[in-house]
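Enquirer: Just need the structure, nothing else, for what follows:
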Amino acid sequence: MLMRTTPQRWVRSRRQLPPGFIRPCQPILAAKVPAGDGWLHELKHDGYRIVAYKDGERVWLWSRNGRDWSAELVAITAAMQALPFKRLMLDGEAVSHCLDGLPDFHRLLSGDGQASACL
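Expert: Below is the predicted model:
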């Protein structure tokens, strides 16, 4: 059977957000770049927006929906654990690059940590 909308009985209730969750910053579309003091800009790469939170030896990598990616994004998790701070929070884009330096979204979750040629 083909449907254009999901029947209400199939819709899951909203996931409970984890304790201490902070929603990552989200990029917005604008006609021009804001100017003046107090503005900080970054390029939007092809990845996942993540808040990386370290408390002691425990690290969480939260997506904007509260999903913990720390088990899948092992290189970022290990890098956060290695930082010499007891508590730390970073907001940024989790991105994997190919040997040519271009973002490679499919490699992000490959888990092998090795760069390859861009396709």
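Enquirer: tell me the pLDDT at the nearest residue to F21 once chain neighbours are set aside?
Expert: Spatial nearest neighbour of F21, chain neighbours left out: G66 (5.2 Å); criterion: CB to CB, 6 or more residues apart in numbering. Every residue, glycine included, has its C-beta placed from N, CA and C. At G66, the model reports a pLDDT of 86.
Enquirer: G66 touches G20, doesn't it?
Expert: No - the pair G66 and G20 does not pass the contact test of CB atoms under 8 Å, sitting 10.5 Å apart.
Enquirer: Looking at these two, which has the bigger crowd around it?
Expert: Using other CB atoms under 10 Å, the more surrounded residue of G66 and G20 is G66, with 16 against 10.
Enquirer: what about stretch 38-55, start to end distance?
Expert: Taking CA to CA, to the nearest Å, stretch 38-55 runs 28 Å from one end to the other.
Enquirer: avg pLDDT for that stretch?
Expert: The pLDDT scores in stretch 38-55 average 82.
Enquirer: Just the buried residues of it, please?
Expert: 45, 47-54 (16 or more other CB atoms under 10 Å).
Enquirer: Also stretch 58-65?
Expert: Across stretch 58-65, burial judged by 16+ other CB under 10 Å covers 59-62.
Enquirer: contacts for that stretch?
Expert: Contact with stretch 58-65 is made by 15, 18, 21-24, 26, 48-53, 68-70, 73, 76-77, 80-81, 94, as judged by CB atoms under 8 Å, 6 or more residues apart in numbering.
Enquirer: Going through these, which ones are buried?
Expert: 24, 48-53, 68-70, 73, 76-77, 80, 94.
Enquirer: sorry, back to before: so who does the residue nearest to F21 touch?
Expert: Contacts of G66 by CB under 8 Å, 6+ apart are 15-18, 21.
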